[in-house]
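Chemist: give me a 3D structure for the following:
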Amino acid sequence: MPKRDHPKPSSNLEVSRRGFLKGAGAVLSSGIVAGAEALEAANNQASKVIGPGKTPITLKINGTNKALNIEPRVTLLDALRNELEITGAKRVCDRTTCGACTVIVNGKSVYACSMLAIEAQGKNIQTVEGLSQGGKLHPLQQAFVDHDAQQCGYCTPGFVMACKAFLDKNPNPSIDQVRKGLGGNLCRCGTYVGITQAVLQTAKKKGGRANA
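Modeler: Purely as a prediction, here's the structure:
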């Protein structure tokens with residue numbers, strides 16, 4: 001039988017296929033690039049670097065907003081003492097061990113030496129300076145006086161704030177709960193008995209119990 005000549009594939013079809021693949025590849029590549037650029041832009045926005053130079057921040061301390069211009073590395077303790085001259089919180093160990101720098105942030109006792117000031121923005125910060133009102137001592141401060149719960153007094157502001165945070169959460173404590181609850185603060189003068197009694201007296205005046 002005579003051989004039949006089969007028609008050769010059209011070169012136009014080959015070009016068309018090749019063009020299609022090239023075009024699809026270009027579209028896919030452009031989509032990937034666009035997606036990568038969008039992701040990079042989002043990451044850059046999320047990880048915006050602040051500093052190392054000074055940056056403006058606002059801290060709400062004892063109900064009053066305080067504007068500062070500080071480096072991001074500055075701790076809350078240094079901002080209070082060096083920038084705002086709020087010196088009740090003391091620097092002692094500077095490594096979250098002694099509790100002398102204790103303040104209350106959003107209702108929780110915090111070592112001010114361990115928190116960056118920039119992290120405290122938007123939070124309610126209480127220091128010992130904000131406890132007394134109209135020249136009258138807070139009941140807890142008065143209890144410290146009544147029970148001679150201080151000697152050198154260096155740790156006292158931090159202890160007072162730790163005690164207040166403890167009583168705010170546990171207004172009716174036993175003596176064992178007081179001892180355990182204040183375990184994060186140290187007094188080198190050894191006034192723990194007076195401090196414990198001051199806490200129990202404050203609890204009693206607030207309607208709690210005073211188990212000696």
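Chemist: what's the weakest-modelled helix or strand in this structure?
Modeler: Ranking every helix and strand in the chain by mean pLDDT, DSSP states H and E puts helix 11-46 at the bottom, with a mean of 59.
Chemist: pLDDT on the helix or strand just after that one, on average?
Modeler: Using DSSP states H and E, the helix or strand that directly follows helix 11-46 along the chain is strand 55-61. The predicted model gives strand 55-61 an average pLDDT of 97.
Chemist: and whichever helix or strand comes after strand 55-61, what does it pack onto?
Modeler: Sequence-wise, the next helix or strand downstream of strand 55-61 (DSSP H and E) is strand 64-70. Identification of packing neighbours for strand 64-70 by 3 or more Cβ pairs under 8 Å, 6 or more residues apart in numbering; DSSP states H and E yields strand 55-61. In this view, the C-beta of every residue, glycine as well, is placed from N, C-alpha and C.
Chemist: what strands flank the strand it packs on, and is each parallel or antiparallel?
Modeler: Note on strand 55-61: by DSSP bridges, its sheet partners are strand 64-70 (antiparallel), strand 124-126 (parallel).
Chemist: now the last one: average pLDDT?
Modeler: Right, the one you point to is strand 124-126. In this model, strand 124-126 carries a mean pLDDT of 98.
Chemist: I'd like the mean pLDDT over the helix or strand following that strand, please.
Modeler: Scanning forward in sequence from strand 124-126 by DSSP H and E, the next helix or strand is helix 139-146. For helix 139-146, the mean per-residue pLDDT is 97.
Chemist: show me what counts as buried in helix 139-146.
Modeler: By neighbour count, and taking 16 or more other Cβ atoms under 10 Å as the criterion, the buried residues in helix 139-146 are Pro139, Leu140, Gln141, Gln142, Ala143, Phe144.
Chemist: ok, now stretch 95-104?
Modeler: Buried-residue list, stretch 95-104, by 16+ other Cβ under 10 Å: Cys98, Gly99, Ala100, Cys101, Thr102, Val103, Ile104.
Chemist: show me how the record splits the protein into domains.
Modeler: Recorded structural domains for the chain (assignment: automatic domain parsing) are 51-129, 131-212.
Chemist: mean pLDDT lowest for which of these?
Modeler: Across these, domain 131-212 has the smallest mean pLDDT, namely a mean of 92.
Chemist: check the offset of that domain from the chain's centre.
Modeler: With Cα atoms, centre = their mean, to the nearest Å as the basis, the distance from the averaged C-alpha position of domain 131-212 to the chain average is 24 Å.
Chemist: with stretch 61-75 instead?
Modeler: Distance, centroid of stretch 61-75 to centroid of chain: 13 Å (Cα atoms, centre = their mean).
Chemist: on that earlier part again, with distance to Gly53 added, can I get the buried residues of helix 139-146 in a markdown table?
Modeler: Formatted as a markdown table, the buried residues of helix 139-146 follow (distance: Cβ to Cβ, whole Å):
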| residue | distance to Gly53 |
| --- | --- |
| Pro139 | 44 |
| Leu140 | 41 |
| Gln141 | 40 |
| Gln142 | 45 |
| Ala143 | 45 |
| Phe144 | 42 |
